[in-house]
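Novice: Okay, structure incoming, though there's no sequence with it:
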């Protein structure tokens with residue numbers, strides 16, 4: 001289910017939400033969810049340790065930095081996840097931008113919330129398939145000190161181009177635009193390490209939510 005409150009947060013809304021704005025957001029959310037369904041793929045990999053070096057077996061992917069080191073400290077496996085709203089959302093957004101820019105802004109925010117809902121659905125499926133395994137928070141290239149440079153390797157390991165139509169631009173962004181890749185650790189013990197906010201995010205200087213005094217909730 002698309003979380004309208006989260007969409008409004010992506011929009012930068014703080015405090016009480018005007019009824020008119022909430023109603024518009026709910027209308028846009030209903031239109032979006034009727035037309036677009038998030039699609040996702042994931043794979044589970046053994047997590048290899050060589051000193052402080054973390055890598056995923058069989059992929060060539062190294063997960064550098066303290067973000068991965070902290071979150072995966074007690075894990076023996078890691079999940080790579082990709083989720084996208086696909087090119088259909090991009091076309092939908094372009095059409096809305098040509099008709100009504102204010103509504104297009106709402107649609108963009110709803111799209112961000114909807115792709116995160118797709119990631120939540122992937123995690124729910126993962127939990128059903130691997131009962132008894134405990135998950136870390138998911139974290140993405142570009143968060144903390146996990147570099148965006150691992151983005152192409154993540155997509156390659158998931159065969160995301162063929163399976164989801166997902167590609168990585170020269171600037172290491174994902175295409176289609178409303179797409180997410182993430183890493184999730186798996187352990188036999190409950191995981192207490194958590195994502196710890198803006199100070200750990202590589203987007204902290206350019207994030208529009210942070211500039212508006214808000215945050216993404218991570």
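Specialist: Thanks, I have it. Quantities reported herein were computed from a predicted structural model and do not represent experimental measurements. Residues are numbered from 1 along each chain as shown.
Novice: just checking, what packs against the helix or strand containing residue 183?
Specialist: Residue 183 is located in strand 179-187, with elements delineated by DSSP states H and E. Judged by 3 or more CB pairs under 8 Å, 6 or more residues apart in numbering; DSSP states H and E, strand 179-187 is in contact with strand 77-84, helix 101-129, strand 134-135, helix 151-158. Heads up, the C-betas are built off the backbone N, CA and C, glycines and all.
Novice: Okay, buried residues for the second one please.
Specialist: Residues of helix 101-129 classed as buried by neighbour count (16 or more other CB atoms under 10 Å): 103-123, 126.
Novice: Give me the angle between it and strand 77-84.
Specialist: Interaxial angle, helix 101-129 versus strand 77-84 (axes from the mean of the first three to the mean of the last three CA atoms, to 10 degrees): 150 degrees.
Novice: Can you work out which other helices and strands pack against helix 101-129?
Specialist: Counting by 3+ CB pairs under 8 Å, 6+ apart, helix 101-129 packs on helix 4-10, helix 19-35, strand 39-50, strand 77-84, helix 86-99, strand 134-135, strand 179-187.
Novice: Same list, those, but as a markdown table with distance to residue 165 and mean neighbour count please.
Specialist: A markdown table is the format used below for the helices and strands packed on helix 101-129 (distance: least, CB to CB, whole Å; neighbours: other CB atoms under 10 Å):
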| stretch | distance to residue 165 | mean neighbour count |
| --- | --- | --- |
| helix 4-10 | 23 | 19 |
| helix 19-35 | 17 | 15 |
| strand 39-50 | 9 | 16 |
| strand 77-84 | 7 | 24 |
| helix 86-99 | 6 | 15 |
| strand 134-135 | 27 | 16 |
| strand 179-187 | 9 | 24 |
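Novice: Adding mean pLDDT, write those out as TSV.
Specialist: Conversion of the helices and strands packed on helix 101-129 to TSV gives the following (pLDDT from 0 to 100):
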stretch	mean pLDDT
helix 4-10	91
helix 19-35	94
strand 39-50	97
strand 77-84	98
helix 86-99	97
strand 134-135	96
strand 179-187	96
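Novice: of all these, which lies closest to residue 163?
Specialist: strand 39-50 (5.0 Å; CB to CB).
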